[in-house]
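1. next input, structure requested:
(one chain, ligands or ions: 1)
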Amino acid sequence: MEQAPKIQVGEFTVAFLTDGIWRNDGGCMFGVVPKELWQRNHPADEYNRIRLNLVCPLILKGREAILVDTGIGNRLSEVERKIFDHGDGWLIDGLQQLGMEPGDITHLLLSHLHFDHCGGMVRRQKSGALVSSFPGARLFLQRGEYEVAQNSTNERLRAAYRHVGECLEPVMSLVELIDGDVELVPGVRAVVTGGHTDRHQVALVHSLGESFMHLADIVPTSSHMRGPWNQAYDLDALRTMEQKAHYLADAVTGKWWVSFAHDPSVYAARIVNDQGKLILGDSLPVSETLHRQ
Ligand SMILES: [Zn+2]
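-> Model prediction:
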């Protein structure tokens, strides 16, 4: 596989790792938007699934290596692999292409605990046992997200977090529960947005006048830059709309780089306001090779 595309953000380098292409139901990804509209840019297969990426930015400076989210990983059952059209995950391969090892990751920021963001923090070994993928990392998780994922009795939330027990168990000694916005290293912050989940968080980098934000699941593809285009999974879609409008406006005026968790065509881009419509400016495209692997 080819090396992760990179950008420079002041003193930081950001490399865009991917855990590979997968598929998920288009209706779930676009909520109230009619299929007639979303399928123009996201053609559905015979199961109504669309192609999606699993983008995990790696923020680097000196020895600091801050990974944001981990993709799906290799823990899914055979049946689940078929449902989501995903294999073993390529996050570790991508890291090794950069000349790094899993033990080099110093910080891991999890936007939230859905399986397509936290599954890769553990690896299933041949014996079947799950072990931590990044044993040297401090793992930052919002306390509210952790508590809902562990304790909710609501049927929908229990289903959304049914994998969390087995994913957290091998990494619990690494977890640092945080409450609200936190600076991970000078210049890199975890920022709570809510919306998708109650305590969904994103990563924001400011350095030498330049900025980068990973929008995770509040803007999962560039199509979701439109106000009403939100995932059916969002627990508070109005909050998602308010938060993405706020940060996308900052991204336009500040010429920030932003990245999308699941866009099948671009890893990251600058955003331009073209007569009231948000469009992509400079961007890092996803290669056709990735889609063929
Ligand atoms: Zn997601």
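
2. where does the chain have its least confident helix or strand?
-> Sorting the helices and strands of the chain by mean pLDDT, DSSP states H and E puts helix 288-292 at the bottom, at a mean of 82.

3. this structure against the ion: which residues are in contact?
-> Contact residues (CB under 5 Å from the ion) of the chain with the ion: Asp116, Asp217. C-beta: built from backbone N, CA, C; applies to glycine.

4. in the chain, which ranges drop under the pLDDT threshold?
-> 293 (pLDDT under 70).

5. now the helices for it?
-> All helices of the chain, identified by DSSP state H, fall at 26-30, 35-38, 78-84, 91-97, 115-118, 143-151, 155-160, 164-168, 237-254, 288-292.

6. can you list those helices in a markdown table and add mean neighbour count?
-> A markdown table is the format used below for those (neighbours: other CB atoms under 10 Å):
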| stretch | mean neighbour count |
| --- | --- |
| helix 26-30 | 20 |
| helix 35-38 | 13 |
| helix 78-84 | 13 |
| helix 91-97 | 20 |
| helix 115-118 | 24 |
| helix 143-151 | 17 |
| helix 155-160 | 12 |
| helix 164-168 | 17 |
| helix 237-254 | 17 |
| helix 288-292 | 11 |
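
7. next, format those helices as TSV and append distance to Thr193.
-> Below are those laid out as TSV (distance: least, CB to CB, whole Å):
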stretch	distance to Thr193
helix 26-30	18
helix 35-38	22
helix 78-84	25
helix 91-97	23
helix 115-118	14
helix 143-151	12
helix 155-160	17
helix 164-168	20
helix 237-254	4
helix 288-292	27
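
8. ok, which of the ones you listed comes nearest Asp19?
-> The minimum distance between Asp19 and the helices of the chain falls on helix 91-97, with 4.5 Å, by CB to CB.

9. for Gly136, give its distance to Gly195.
-> 31 Å (CB to CB, to the nearest Å).

10. compute the number of surrounding residues for Asp236.
-> 16 (other CB atoms under 10 Å).

11. out of everything not next to it in sequence, what's closest to it?
-> Excluding the flanking residues, the one nearest Asp236 by CB to CB, 6 or more residues apart in numbering is Gly195, at 5.5 Å.

12. so how far is the least confident helix or strand of the chain from its chain's centroid?
-> 19 Å (CA atoms, centre = their mean, to the nearest Å).

13. show residues contacting it.
-> Helix 288-292 has contacts (CB atoms under 8 Å, 6 or more residues apart in numbering) with Met1, Glu2, Thr18, Gly20, Ile21, Arg51, Asn53, Pro264.

14. residue contacts, the closest residue to the ion within the stretch 151-293 of the chain?
-> Taking CB to the ion as the measure, the stretch 151-293 of the chain has Asp217 as its residue closest to the ion, at 4.5 Å. Counting by CB under 8 Å, 6+ apart, Asp217 touches Ser111, His112, His114, His117, His196, His200, Gln231, Tyr233, Ala261, His262.
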